[in-house]
Every structure is written in structure tokens, then in C-alpha cells.
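Undergrad: just to be clear, the model below is a prediction. Sequence and coordinates:
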Amino acid sequence: MQRIKGGVGTPANVRVHEIFSQCPKVGVWGDAAMDQEQLVFVTKVDNVDLANRTMRNVPQKHIGIFADGFVYHYSNLQDQVVKWTHQKFLKEFEKIYHGKLGLFFGTFPGADLELAVKPEADSVPRGLGFDLKKEGRRWYASTGGRPSERFYVGRETKNGSYVGLFMSPNEYYGPTYRAEDYIDRYDHWAQLMELTGYCESKNHFNLINTYDSAKFTFGFYQLAAHTAHDNLILLFRKLMSLPSSSEYFPELVLSNGHLHRVNEDGGMTDLEVESNSGPGGRRQLQRFMDFLNAKRLEHDMQEVLQSARVIHWANEDKLMHELQVEVACDILQAKMERYARWYDLDGQTDTICALIADIHHQGRASKNKVKAALHSATPEEKLITINPGYAGRISDLRFKLEAMKSKKQLGKMIYDAGLNEFRAI
């Protein structure tokens with residue numbers, strides 16, 4: 001093992017106290033399962049708060065890996081990895097550290113994100129069970145004991161090196177979002193959501209996609225799993241408030257405002273820890289992504305089960321629809337304030353605002369390109385065609401925008417930046 005040094009590759013966390021806090025389960029060494037691989041920590045007893053899974057950031061702390069009855073750790077004195085018994089591990093550090101030392105165990109961070117999933121409904125011990133069946137490249141599911149109520153989950157596909165599930169447009173089914181159902185609650189924002197929702201999912205509440213870099217995208221607004229404090233994680237936080245959450249996702253709880261995976265022995269993993277694991281070092285919620293879709297480069301049963309869960313939930317529970325719309329509107333309203341500052345949108349038409357929101361929701365053009373389109377002689381047309389590589393999006397936008405204008409859903413309001421609202425022209 002080489003010394004830790006600077007570099008440009010993917011970084012690893014070697015800060016002992018931070019690793020300790022990320023372990024799903026921690027405890028005193030006397031309570032450790034000696035037949036399992038795990039982390040072992042040594043430090044002063046009063047440096048550790050087991051109830052809150054915290055360790056003080058002090059110099060005198062060390063970490064090793066326990067496997068096959070021995071502790072493997074890096075010895076600074078010997079400048080190499082050494083293999084000791086746990087008794088020697090404690091004894092040697094008692095010679096160089098001060099105070100009353102203790103050994104503590106920690107299960108590996110993220111080790112509990114992969115579920116033991118089988119096609120049978122009883123493969124997951126808690127919550128609603130699903131029977132999963134593959135026919136060709138298509139997956140279907142039914143809740144345990146109800147094969148007659150089988151529903152479609154999606155088909156396997158490949159996008160470059162990524163694989164996953166999706167539904168083609170001719171396979172869409174199930175409940176849909178309509179602005180008229182939400183106009184009383186969300187006013188004109190309901191119309192803007194219908195435009196982007198149509199382009200993303202034809203406004204289907206149950207649509208999934210697990211084959212791109214986000215690993216899991218869901219709902220009529222196609223909220224992606226990778227972004228911190230945004231999109232799908234916001235929906236899942238709210239879903240935890242529904243009575244049915246323990247049936248669909250019994251492994252999840254909301255703790256201190258963050259979504260956590262709770263394993264069978266009570267250990268917890270914070271799914272909202274951010275990592276620089278995205279393209280170009282982009283920060284993203286890797287653990288949340290991995291819980292929903294364990295293996296990016298191969299088809300796995302976990303992504304099928306998680307897809308079946310959210311699809312069935314959306315098919316059966318109108319409260320889930322309400323939360324999807326609430327989250328989408330919160331996101332849209334917050335981001336429109338940002339777009340108003342970027343592009344001076346005060347007094348702009350609702351169609352211009354809707355197109356800008358759609359562009360940034362999909363991420364298909366830069367700020368400079370949007371500004372150039374706005375300053376052109378035909379800004380609406382330039383915004384629709386801002387990225388010629390998205391022919392399908394352009395077609396959908398043209399069709400839906402024209403339809404909504406003809407029904408006077410759009411094209412009759414202007415944006416008031418001071419109020420972050422729309423008013424009649």
C-alpha cells in the first residue's frame with residue numbers, strides 16, 4: 001500500500017472520524033460479530049458518542065479492516081500494511097496514545113444499499129411484496145398473491161455503456177397529470193408544468209427511466225436521483241410522510257431532515273451524503289442512486305423491484321400524485337426566480353418563461369445560448385429549436401405549445417418578477 005498523496009483521480013475518504021459517522025452501525029468491539037468483515041477503530045473512549053455515531057476529530061485515532069479474524073491496517077512506523085489480532089491492535093496503540101482507549105466496530109459505509117432481491121414476493125422480508133416476471137426484454141410485476149393484477153414495469157435497454165429499464169411512448173399507461181386538476185391550488189404554474197410534463201413523460205405519474213447517468217428518474221416531471229437538495233430526493237422526503245411509505249419502502253426513514261436506509265439490525269445509512277462521483281467530478285447523491293439502482297452497467301433485480309414499487313404506488317395512490325405535483329411546482333417556482341435574475345424576465349410572456357424552464361429542466365442549453373435566443377428577432381422559435389440535437393423534444397414542444405395556446409392555457413399571461421407570479425396581459 002502506497003502513502004496517501006495528491007492526485008487528479010477519484011478521491012477516497014481517509015478521515016477516520018468522518019468514516020466512523022458514515023458507518024450504518026457502530027458499537028463497542030465486544031458487541032461486534034466476529035464472523036463478519038467490518039471496520040475497527042481505536043481511540044479514547046470519551047472521544048466517541050455511539051448514540052449519535054460521532055467521533056471527535058482528534059489526532060489520536062486510527063482505523064483498520066477486520067477480516068478472517070485479523071485487523072489489517074497501515075502502520076506509520078513500519079510504512080506498510082500489517083496484520084494483527086484485535087488484542088494486539090489495542091495493546092500497541094495503548095503504548096502510544098494517551099488515556100483510556102477503546103476498540104469500536106463499524107459496518108462498511110454503503111454496504112447495506114444492495115438488497116437481496118429475488119423474483120418472488122417474499123424475497124424482501126418487510127413491506128409489500130412483488131412477484132417479478134421477465135418476458136423477453138420486458139418486466140412485469142404483481143403484488144404477492146395477485147397475479148391477475150399484473151402491471152408493466154418496463155423493458156431492458158442500453159444507452160452507451162449504461163443499461164436499465166424504460167418505457168417507450170407507445171407503452172405508456174396509467175394516471176396522468178392535467179393542469180385543470182391543479183389550477184385552483186397552483187394557479188398558472190399548473191399550466192407551465194403541463195408543458196414540460198408532456199415533453200418529459202406525456203404527463204404520466206408512473207413513468208420510470210433507469211438507464212442514464214442519473215441511474216433513476218421518475219414521475220410526470222421526470223425527477224432525477226443524482227441531484228442533491230433537488231428533484232427526486234425532495235419527492236422521497238415528502239413520500240415518507242404518507243402512511244403507505246412503510247409498505248412500499250420499508251427500508252427508508254427520514255431522520256434529521258435526510259433520507260436514510262435502515263437495515264435489519266437497526267443500522268442507518270444517510271442516503272444524502274454528497275460525493276464527487278459524477279461526470280467531471282460533479283457532486284451527486286451516489287448512495288441514493290445506488291439504493292434505487294444498484295448496478296449501473298448491468299441489469300439487476302434491485303432496479304426492477306424499485307421501479308415496480310414506485311409504479312404501483314403511483315398507479316394506486318392519489319396522494320402520491322399530489323406530492324409529485326407539489327414538489328414539481330416548488331422546484332419550478334424557485335428556479336423561475338433564478339431565471340428571472342439571469343434573463344430579466346419581468347414582463348415576459350408565460351410561453352417564453354415556460355420554454356426557458358423546460359430548457360433548463362432538461363439541461364439542453366447554456367445561459368449564453370438562452371440569452372442569445374431571447375435577443376433574437378423570433379425568441380420563441382429560437383428557444384424551441386435551441387438545441388437541434390433534440391428533435392423529439394422540439395416536436396413535442398411545438399405540438400403541445402400550439403395545443404395549449406389554442407385552448408388559452410398559455411399565451412395569455414405575463415410574468416411579474418417582483419411577485420414571482422403571472423398576471424393577465
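TA: Everything's here; your move.

Undergrad: if I look at residue 232, how far off is residue 151?
TA: Note on residue 232: its distance to residue 151, by CB to CB, to the nearest Å, is 21 Å. Where C-beta positions appear, they are placed from N, C-alpha and C, glycine not excepted.

Undergrad: these two: which has the busier surroundings?
TA: It is residue 232, of residue 232 and residue 151, that has more neighbours when counted by other CB atoms under 10 Å, with 25 against 17.

Undergrad: so that one sits against residue 215, correct?
TA: No: counting by CB atoms under 8 Å, residue 232 sits too far from residue 215 to count as a contact (10.1 Å).

Undergrad: quick check: neighbours shared by these two?
TA: residue 225 (CB atoms under 8 Å, 6 or more residues apart in numbering).

Undergrad: now the element after the helix or strand hosting residue 197, going C-ward?
TA: For residue 197, the host element (DSSP states H and E) is helix 189-201. Using DSSP H and E, the helix or strand that follows helix 189-201 in sequence is strand 208-209.

Undergrad: tell me how far the longest helix seen in the chain lies from the chain's centre.
TA: Looking across the chain with DSSP state H, the single longest helix is helix 318-343. With CA atoms, centre = their mean, to the nearest Å as the basis, helix 318-343 stands 17 Å off its chain's centre.

Undergrad: now the next helix-or-strand element following it and helix 318-343, what's the angle there?
TA: Tracing the chain C-terminally past helix 318-343 and defining elements by DSSP H and E, one meets helix 350-362 next. Put simply, helix 350-362 runs at 100 degrees to helix 318-343, going by axes from the mean of the first three to the mean of the last three CA atoms, to 10 degrees.

Undergrad: now the next helix or strand after helix 350-362: buried residues?
TA: Beyond helix 350-362 on the C-terminal side, the first helix or strand identified by DSSP H and E is helix 367-374. For helix 367-374, burial by neighbour count (16 or more other CB atoms under 10 Å) applies to 370, 373-374.

Undergrad: what do you get for stretch 78-93?
TA: Those would be 82, 84, 86, 89-90, 92-93, for stretch 78-93 by 16+ other CB under 10 Å.

Undergrad: which ones among these map onto strands?
TA: 82, 84 (DSSP state E).

Undergrad: show me the two of the buried residues of stretch 78-93 that sit farthest apart.
TA: 82 and 90 (14.2 Å; CB to CB).

Undergrad: I'd like the buried residues of stretch 78-93 as JSON lines, with distance to residue 63 and pLDDT appended.
TA: Listed next are these as JSON lines, based on distance: CB to CB, whole Å; pLDDT from 0 to 100:
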{"residue": "82", "distance to residue 63": "13", "pLDDT": "94"}
{"residue": "84", "distance to residue 63": "13", "pLDDT": "95"}
{"residue": "86", "distance to residue 63": "13", "pLDDT": "95"}
{"residue": "89", "distance to residue 63": "10", "pLDDT": "95"}
{"residue": "90", "distance to residue 63": "13", "pLDDT": "95"}
{"residue": "92", "distance to residue 63": "14", "pLDDT": "92"}
{"residue": "93", "distance to residue 63": "11", "pLDDT": "94"}
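
Undergrad: looking at the buried residues of stretch 78-93, which are in helices?
TA: Checking the buried residues of stretch 78-93 against DSSP H, those in helices are 86, 89-90, 92-93.

Undergrad: between those residues, which is nearest residue 238?
TA: Distances from residue 238 to these, taken by CB to CB, are shortest for residue 86, at 44.0 Å.

Undergrad: residues contacting that closest one?
TA: 29, 40, 66, 70-71, 103.

Undergrad: just residue 320 next, same as before
TA: 205, 239, 242, 244, 313-314.

Undergrad: can you tell me which of these has the most neighbours?
TA: Most surrounded of these: other CB under 10 Å gives residue 205, at 25 neighbours.

Undergrad: from what I can see that residue touches residue 172, true?
TA: No: between residue 205 and residue 172 there is no contact under CB under 8 Å: 10.6 Å.

Undergrad: burial of the residue nearest to residue 169 when sequence neighbours are not counted, as a residue count?
TA: Nearest non-adjacent residue to residue 169, counting by CB to CB, 6 or more residues apart in numbering: residue 202, 6.5 Å away. Other residues within reach of residue 202 by the criterion other CB under 10 Å amount to 15.

Undergrad: can you give me the helices for the stretch 51-200 of the chain?
TA: 86-96, 183-186, 189-201 (DSSP state H, counting those that start in this stretch).

Undergrad: for residue 35, which of those is the nearest?
TA: That would be helix 86-96 among the helices of the stretch 51-200 of the chain, by CB to CB, at 13.5 Å.

Undergrad: gap between the closest one and the chain center?
TA: Worked out by CA atoms, centre = their mean, helix 86-96 lies 41 Å from the chain centre.

Undergrad: need the pLDDT of residue 78.
TA: pLDDT for residue 78: 85.

Undergrad: would you quantify the distance from it to residue 92?
TA: 11 Å.

Undergrad: got the contact list for residue 303?
TA: 164-165, 210, 216, 292-295.

Undergrad: 6 Å instead?
TA: 210, 293 (CB atoms under 6 Å, 6 or more residues apart in numbering).

Undergrad: list the beta-bridge partners for residue 413.
TA: Beta bridges link residue 413 to residue 424, judged by DSSP bridges.
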